[in-house]
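Q: Provided below are the primary sequence and the corresponding predicted coordinates.
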Amino acid sequence: MKNTVRLVGAGLLVVGQLACGGEVEGVEEAQPESQPAMSELHVSKNGMRVTPETKAPEAQPGRVHQLGPAPNLTSVQVIAVCSEAFYNTYAPYDCEDVTAVSTTGFNHGGAWMVTITKEMGYRAWHTSTLGGYAMSEYYNDPILNIYNEMIGWYRYWETTNGQQSGLFKYTAASINTYTQYSDQVTVQ
């Protein structure tokens, strides 16, 4: 009976300290689950993937005009990893922002998975791999400055063999100087 009274008294003491904003030794507060950063970029509209048949042309008449030589490539960056599994968990987002991390915070997978890169300037050649397997570029979107000049590209990559995890590495060389730029992220 004495032990029961002691346990109840200790429980009331803990509740009283917590209610007053105090800390209690040995009692841990519940930590919120960490969520990956969401990217505003989307692979598709209305849940349907962009396909080569629905791909927008790279240069639309009246939207882009030529003013001079193409600018050298100055940077490449892996900016997002998108997947069906991510969309099913975090809809309406289908991409995880990976600009500030070296590993995705989410285990991607599902019927489709796409990695998005951003390159500033023009490339002469490139390689992109996921887990050592080549990836194919199935879509790209120009980055325009305020004068409607193309200054870079968002490029969308998908695997050719169903690989959905491993090290994604993108390397590109500048069009005029052949200086190489590279970025990578580990996809879970």
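A: Yep, it's here.
Q: please make it C-alpha for all contacts and neighbour counts, starting now.
A: Noted.
Q: tell me what the biggest strand by length in the chain is packed against?
A: Identified as the longest strand of the chain according to DSSP state E is strand 133-144. In terms of contacts (3 or more C-alpha pairs under 8 Å, 6 or more residues apart in numbering; DSSP states H and E), strand 133-144 is packed against strand 123-130, strand 150-159.
Q: return the most buried member of those strands.
A: Highest mean neighbour count among the helices and strands packed on strand 133-144 (mean count of other C-alpha atoms under 10 Å): strand 150-159, with a mean of 21.
Q: strand partners (parallel or antiparallel) of the helix or strand that comes right after that strand?
A: With elements assigned by DSSP states H and E, the helix or strand that comes after strand 150-159 is strand 166-174. Here strand 166-174 has these sheet partners by DSSP bridges: strand 123-130 (antiparallel), strand 180-187 (antiparallel).
Q: what's the closest of these to residue 110?
A: strand 180-187 (13.4 Å; C-alpha to C-alpha).
Q: report pLDDT for the spatially closest residue to residue 73 that is not a sequence neighbour.
A: Nearest non-adjacent residue to residue 73, counting by C-alpha to C-alpha, 6 or more residues apart in numbering: residue 121, 3.9 Å away. pLDDT for residue 121: 94.
Q: so who does residue 121 touch?
A: The contact partners of residue 121, by C-alpha atoms under 8 Å, 6 or more residues apart in numbering, come to 70, 71, 72, 73, 74, 75, 151, 152, 153, 174.
Q: gap between the third one and residue 183?
A: Residue 72 sits 17 Å away from residue 183 when distances are taken as C-alpha to C-alpha, to the nearest Å.
Q: quick one, which of the two is more surrounded?
A: residue 72 (20 against 17; other C-alpha atoms under 10 Å).
Q: for residue 147, see how far away that one is.
A: 18 Å.
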